[in-house]
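Engineer: Below is the structure, and that's it, no one-letter string:
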């Protein structure tokens, strides 16, 4: 675990990874809200039609449309090898684990659940908190052990971080 901590990007040595991350996160969130809204409308429409076909029985399932869509969206996007939602991909940011654990579908869902909980309780405090952490981590990032960085500079950063190890192995 200490080895992973030393390989985490540092804002002092790699500031390009953290430039504009907070603004990009906010914009990505609004893009994701739009995408999830479209998904919710589609699922609700299917549930509405199914309700007519089942004489109203399927309408009972409509209360699960919003939570199921959120879980499905974050699990499928953050839990994928891209480690980013559609909004994050458009804003060139990626979610990176900091504690050495893999970022799989369950970790993505936990990250999203803690995000929605902290946002629901106090979104301004969560955003303000990120202004005072060196890596611009929000409260839910610190709790779940994740880090949000820009994707394109990160790829260059990890290539440079791996190259000395690769050359010393030979």
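Structural biologist: That came in fine, so what should we check first? Predicted model, so just to flag it, every value in this text is computed and none were measured.
Engineer: For the protein, which segments count as strands?
Structural biologist: 93-97, 146-150 (DSSP state E).
Engineer: Tabulate those (TSV), appending mean neighbour count.
Structural biologist: In this view, the C-beta of every residue, glycine as well, is placed from N, C-alpha and C. Converted to TSV, the strands of the chain look like this (neighbours: other CB atoms under 10 Å):
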stretch	mean neighbour count
strand 93-97	21
strand 146-150	23
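Engineer: Throw the ones you listed into CSV and include distance to residue 82 and mean pLDDT, thanks.
Structural biologist: Below are the strands of the chain laid out as CSV (distance: least, CB to CB, whole Å; pLDDT from 0 to 100):
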stretch, distance to residue 82, mean pLDDT
strand 93-97, 7, 90
strand 146-150, 14, 90
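Engineer: now the chain, which segments are flagged as low pLDDT?
Structural biologist: Applying pLDDT under 70 to the chain flags the ranges 1-7, 157, 161, 163-170.
Engineer: Can you tell me which helices and strands the longest helix out of those in the chain packs against?
Structural biologist: The longest helix of the chain (DSSP state H) is helix 21-53. If contacts are counted by 3 or more CB pairs under 8 Å, 6 or more residues apart in numbering; DSSP states H and E, helix 21-53 sits against helix 65-77, helix 86-90, strand 93-97, helix 105-131, strand 146-150.
Engineer: again, only this time at 7 Å
Structural biologist: Using 3 or more CB pairs under 7 Å, 6 or more residues apart in numbering; DSSP states H and E, the elements in contact with helix 21-53 are helix 65-77, helix 86-90, strand 93-97, strand 146-150.
Engineer: will you turn those into a markdown table that also has distance to residue 13?
Structural biologist: Listed next are the helices and strands packed on helix 21-53 as a markdown table, based on distance: least, CB to CB, whole Å:
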| stretch | distance to residue 13 |
| --- | --- |
| helix 65-77 | 30 |
| helix 86-90 | 24 |
| strand 93-97 | 16 |
| strand 146-150 | 13 |
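Engineer: wait, which of these is closest to residue 127?
Structural biologist: strand 146-150 (12.6 Å; CB to CB).
Engineer: What strands flank that closest one, and is each parallel or antiparallel?
Structural biologist: In the sheet, strand 146-150 lines up against strand 93-97 (antiparallel) (DSSP bridges).
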